[in-house]
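In: Provided below for reference: sequence and predicted model.
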Amino acid sequence: MERTQQNPGYRDTRTREQLCAALRTLLCTKPLDQIRVREVAEQCGIRRQSFYYHFTDVYELFEWSVDREREQLRRRQESCLTVRQALRDLLWYTEENRAYYLALWRTPPRQLRRALGGAAEVLARRMTEYYTQRAGEALSPEQLCARTEVTAGVLLSLLEAWVCGELTQPPEQLCSELERWICQAALGAAWKNQGR
């Protein structure tokens, strides 16, 4: 109680996080358009009116939840020390939360890419820089940006296919295959540029 009095925003943040967790749980069992404020509030053990102190409706909570997920994943990627660690972390985290990500994929307009986009961008930039440097290739900032965008697009497509079950490899195998592809692409680009 003392903590809440010292920092009034703490309680608001904690309640928002509880609402977010409740929504995540409900999304794993039913579509967003079938979830009601009453259900989310009951899941948290708060009154329905308390929900409206934080959000106007379930859709606003959903938007906040996806933005929060995107930011947390981006920060997780930035905290990883190596490219391999970052890739493994993203794949294992996605595997652990597959039901939630599958719910995001089913929510129009497909919110999975929005949630994973920040992490994919950070990882794509790190992978592009690492493998380009490893291949001995020097890229202009524009070339690096373009290659990073392509890599992020490939990562997002791969993650989406994996979450949906179109790809069935376990995280470790997928990590190895993706690393091999990125490395070969960087080496191929360096080899091609040396011939100019």
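Out: Looks like it came in fine.
In: can you report phi and psi for Glu166?
Out: phi -70, psi -30 (degrees, to the nearest 10).
In: what sits closest to the spatially most central residue of the chain if chain neighbours are left out?
Out: By C-alpha atoms, centre = their mean, the chain has its centre lying nearest to Leu116, at 2.6 Å. Excluding the flanking residues, the one nearest Leu116 by C-beta to C-beta, 6 or more residues apart in numbering is Leu159, at 5.5 Å. In this view, the C-beta of every residue, glycine as well, is placed from N, C-alpha and C.
In: what residues does the one you found make contact with?
Out: Shown in contact with Leu159 (C-beta atoms under 8 Å, 6 or more residues apart in numbering): Leu90, Thr94, Leu112, Leu116, Ala120.
In: can you pull the buried residues of the helix or strand encompassing it?
Out: Leu159 belongs to helix 141-163 when elements are defined using DSSP states H and E. Within helix 141-163, the residues that qualify as buried are 144, 147-148, 151-152, 154-156, 158-160, 162-163, counting by 16 or more other C-beta atoms under 10 Å.
In: hang on, the earlier thing: on the three-state scheme, the residue nearest to the centre of the chain is what?
Out: helix (DSSP: H, G, I helix; E, B strand; the rest coil).
In: pretty sure it sits against Leu73.
Out: Yes. Contact criterion C-beta atoms under 8 Å: Leu116 and Leu73 qualify, at 6.6 Å.
In: so where is this protein shaky, pLDDT-wise?
Out: For the chain, the stretches with pLDDT under 70 are 1-11, 183, 185-196.
In: which stretches of this structure form helices?
Out: Taking DSSP state H, the helices of the chain run over residues 2-6, 8-27, 37-44, 48-54, 58-79, 83-96, 98-106, 112-134, 141-163, 171-194.
In: tell me which of those helices sits most buried.
Out: Ranked by mean neighbour count, the helices of the chain are led by helix 112-134 with a mean of 21 (mean count of other C-beta atoms under 10 Å).
In: for that one, packing partners?
Out: helix 58-79, helix 83-96, helix 98-106, helix 141-163, helix 171-194 (3 or more C-beta pairs under 8 Å, 6 or more residues apart in numbering; DSSP states H and E).
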